[in-house]
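*Asks:* my questions are about this predicted structure, shown below with the sequence.
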There are 2 protein chains.
Amino acid sequence: MAKTVKNSKRRMDALTLERIVDAAIELLDSEGENRLTFRALAARLETGHGAIQWYVPNKNELLKTATKTAVSAVVTQASPGTAPHDAIRALALGLFNAMDAHPWVGRELIGSPWQPTMLWIFELIGRQVKALRVSSDKQFTATSALVTYIIGAGGRESANSRAPEASGNRQELLDAMATVWGHLDPNEYWFTRTMTEQLRRHDDREEFLAGINLILDGLETTHLPLHELELPT
Amino acid sequence: MAKTVKNSKRRMDALTLERIVDAAIELLDSEGENRLTFRALAARLETGHGAIQWYVPNKNELLKTATKTAVSAVVTQASPGTAPHDAIRALALGLFNAMDAHPWVGRELIGSPWQPTMLWIFELIGRQVKALRVSSDKQFTATSALVTYIIGAGGRESANSRAPEASGNRQELLDAMATVWGHLDPNEYWFTRTMTEQLRRHDDREEFLAGINLILDGLETTHLPLHELELPT
DNA sequence: ACCTGAACACCGTTCAAGT
DNA sequence: ACCTGAACACCGTTCAAGT
């Protein structure tokens, strides 16, 4: 305290990359993606908008850093004892929650799949895939499929939170969509119409995990004819 | 011909929504998403930029219409005789190709999952899921999972085409990424490192379809203990 | 009905100038 | 080293004015 006061030329709350990123995340969460501007950030941080650019070269970089921060807050490594299936589900759900809480994360992750954050996700999922004893020539495919599915679901979830109809709560949005589905042309949309009630009642996380389970189950399918399987005695 | 010439006050190539959308798609494909501006469009169509707004109210609507046009050009209904598995793979691959050819489509579809185009995709996939005789309480889950995976893969593919490293051909990009993977810290990325060669050699469409197959296989898993299965005699 | 382009209120980014 | 804000080159959108 005394130190900062003594150095009177310095503001107590000096600008740091961390403070900038935190403020950016707050702004992204509360105001949305296209309300994050250097000028708005500068106002919130009580500085000039050019000053921010000294720490972060451009808006793209700012978004990347914010994404990394938001994701790594949720994604932790599995505790050693966990079964691979459960570890994958936990990881997936963590990512889903992060993208649900921060609607801009999904869009950003999908928009630049080669960025370090994606690589880290790939690594963590891949380790568990390997622990599942998936044959080595299928590990790449399996990990890719899981990551693709997770990011796809997160992207959709992100978009849902930004839906124009989502001003109210979630059930209102679902009811509104269900009403639309119920009124679809029975000739053109005979399948979707029958799903109206499922849409209204579904739980996002349950459906998400059910999809993960489908992929995990698919991984165990050997495609051998049954009589070649080792049956439990 | 004579008709249009006679009516001399009218330009031969009158502005229509269709011409606007076609020009927008060309611009999106060749110049990228953020090079599509009303001013650039107006220049290409040799008109004022305000004129376009008479046909399409804003840029969002223009993107939606362009997406619908690009997708419906590839997505056709399955021919009656096709087996459901094959129909799903064909649909999925068609969508993948569309998103590969038009890198902006993936981003747009994922960005607004409640739009009519997404509903139509859901319908077409759902019909085949039903034809697979998936039990009725799983049809919603199965269709959602497939659509989520397809869109996720398309989104990634879209991003890859826009990758800064993708200026050259695809193999150059893969080689560059493989080099990065090969140089990763063996302690932090011990799994990903082992996937370097798989990354370099993988085929996007094969991997994509392999993921579809995982989900389809998962759908057939009954979760009954083996001794309760009907074994072939 | 359809088209034009000036005008407005924003942006991201650069940069000379300050401390 | 760090901060400031004017300046520039763009945007999307609106709209009075034309044909």
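*Replies:* In hand now; what should we look at? All of these numbers come straight from a predicted model, not from anything done at the bench.

*Asks:* what residues go with each domain of chain A?
*Replies:* With automatic domain parsing serving as the domain definition, the record reports that chain A contains domains spanning A:2-57, A:73-222.

*Asks:* looking at those domains, which is closest to chain B?
*Replies:* For those, the distance to chain B is smallest for domain A:73-222, at 2.0 Å, taking C-beta to the nearest C-beta. For every residue, glycine as well, the C-beta is placed using N, CA and C.

*Asks:* can you name the element that comes right after the host helix or strand of residue A:60?
*Replies:* Using DSSP states H and E, residue A:60 sits within helix A:59-72. Per DSSP H and E, helix A:59-72 leads on to helix A:84-101 as the next helix or strand towards the C-terminus.

*Asks:* any part of the helix or strand that that following helix is followed by near DNA strand C?
*Replies:* Next along the chain after helix A:84-101, taking DSSP H and E as the criterion, comes helix A:103-111. No. Applying C-beta under 7 Å from any atom of the strand, one finds that helix A:103-111 is not in contact with DNA strand C, the shortest distance being 13.0 Å.

*Asks:* got the angle between helix A:103-111 and helix A:84-101?
*Replies:* Taking axes from the mean of the first three to the mean of the last three C-alpha atoms, to 10 degrees, one finds that helix A:103-111 is oriented at 120 degrees with respect to helix A:84-101.

*Asks:* next, the contact list for the residue nearest the centre of chain A, please.
*Replies:* Closest residue to the average C-alpha location of chain A: residue A:99 at 3.2 Å, with C-alpha atoms, centre = their mean. Each residue near residue A:99 by C-beta atoms under 8 Å, 6 or more residues apart in numbering or on different chains is listed here: A:105, A:106, A:109, A:154, A:155, A:157, A:158.

*Asks:* which residue ranges of chain A form helices?
*Replies:* Along chain A, the segments classed as helices by DSSP state H run A:2-6, A:17-31, A:38-44, A:49-55, A:59-72, A:84-101, A:103-111, A:116-131, A:139-161, A:170-182, A:190-194, A:196-201, A:204-220.

*Asks:* which of those has the lowest average pLDDT?
*Replies:* Taking each of the helices of chain A in turn, the one with the lowest mean pLDDT is helix A:2-6, at a mean of 31.

*Asks:* can you report how many residues lie near the residue lying closest to residue A:214 once chain neighbours are set aside?
*Replies:* On the basis of C-beta to C-beta, 6 or more residues apart in numbering or on different chains, the spatially nearest residue to residue A:214 that is not a chain neighbour turns out to be residue B:218, at 3.5 Å. The criterion is other C-beta atoms under 10 Å in any protein chain shown. On that basis, residue B:218 has 22 neighbouring residues.

*Asks:* what about the closest residue to residue A:102 other than its chain neighbours, how many neighbours?
*Replies:* If the residues on either side of it in the chain are set aside, residue A:102 comes closest to residue A:70, at 4.8 Å by C-beta to C-beta, 6+ apart. Counted with other C-beta under 10 Å, the neighbours of residue A:70 add up to 23.

*Asks:* before we move on, back to that, give me the nearest residue to the residue nearest to the centre of chain A, chain neighbours excluded.
*Replies:* The shortest distance from residue A:99 to any non-neighbouring residue, by C-beta to C-beta, 6+ apart, is to residue A:154 (3.4 Å).

*Asks:* which one of the contacts of residue A:99 is nearest residue B:169?
*Replies:* Looking at these and their distance to residue B:169, the nearest is residue A:109, at 25.3 Å (C-beta to C-beta).

*Asks:* residues contacting the closest one?
*Replies:* Neighbouring residues of residue A:109 by C-beta under 8 Å, 6+ apart: A:67, A:71, A:99, A:115, A:117, A:118, A:151, A:154, A:155.

*Asks:* circling back: which one of the domains of chain A lies nearest to residue B:205?
*Replies:* Distances from residue B:205 to each of the domains of chain A were compared using C-beta to C-beta; the minimum, 12.4 Å, belongs to domain A:73-222.

*Asks:* is that closest one positioned near DNA strand D?
*Replies:* No. Applying C-beta under 7 Å from any atom of the strand, one finds that domain A:73-222 is not in contact with DNA strand D, the shortest distance being 13.4 Å.

*Asks:* does residue A:70 touch residue A:25 like I think?
*Replies:* Yes. Judged on C-beta atoms under 8 Å, residue A:70 makes contact with residue A:25 at a distance of 6.1 Å.

*Asks:* which residues do the two both contact?
*Replies:* Shared contacts of residue A:70 and residue A:25 (C-beta under 8 Å, 6+ apart): residue A:102.

*Asks:* how much space between residue A:82 and DNA strand C?
*Replies:* 41 Å (C-beta to the nearest atom of the strand, to the nearest Å).

*Asks:* and for that residue, the neighbour number?
*Replies:* Applying other C-beta under 10 Å, we find 16 other residues in the vicinity of residue A:82.

*Asks:* contacting residues around it?
*Replies:* By C-beta under 8 Å, 6+ apart, residue A:82 lies in contact with residue A:90.

*Asks:* how near is it to residue A:131?
*Replies:* 9 Å (C-beta to C-beta, to the nearest Å).

*Asks:* before we move on, what about residue A:27?
*Replies:* Note on residue A:27: its distance to residue A:131, by C-beta to C-beta, is 39 Å.

*Asks:* got the end-to-end distance for stretch A:111-120?
*Replies:* One end of stretch A:111-120 sits 16 Å from the other (C-alpha to C-alpha, to the nearest Å).

*Asks:* buried ones in it, by neighbour count?
*Replies:* By neighbour count on 16 or more other C-beta atoms under 10 Å in any protein chain shown, the buried set for stretch A:111-120 is A:111, A:112, A:113, A:114, A:117, A:118, A:119, A:120.

*Asks:* neighbours around the closest residue to the first one other than its chain neighbours, how many?
*Replies:* Translated: residue A:111. Nearest non-adjacent residue to residue A:111, counting by C-beta to C-beta, 6+ apart: residue B:159, 5.5 Å away. By the criterion of other C-beta under 10 Å, residue B:159 has 21 neighbours.

*Asks:* what residues does residue B:159 make contact with?
*Replies:* Here residue B:159 is in contact with A:110, A:111, A:112, A:113, A:114, B:103, B:106, B:107 (criterion: C-beta under 8 Å, 6+ apart).
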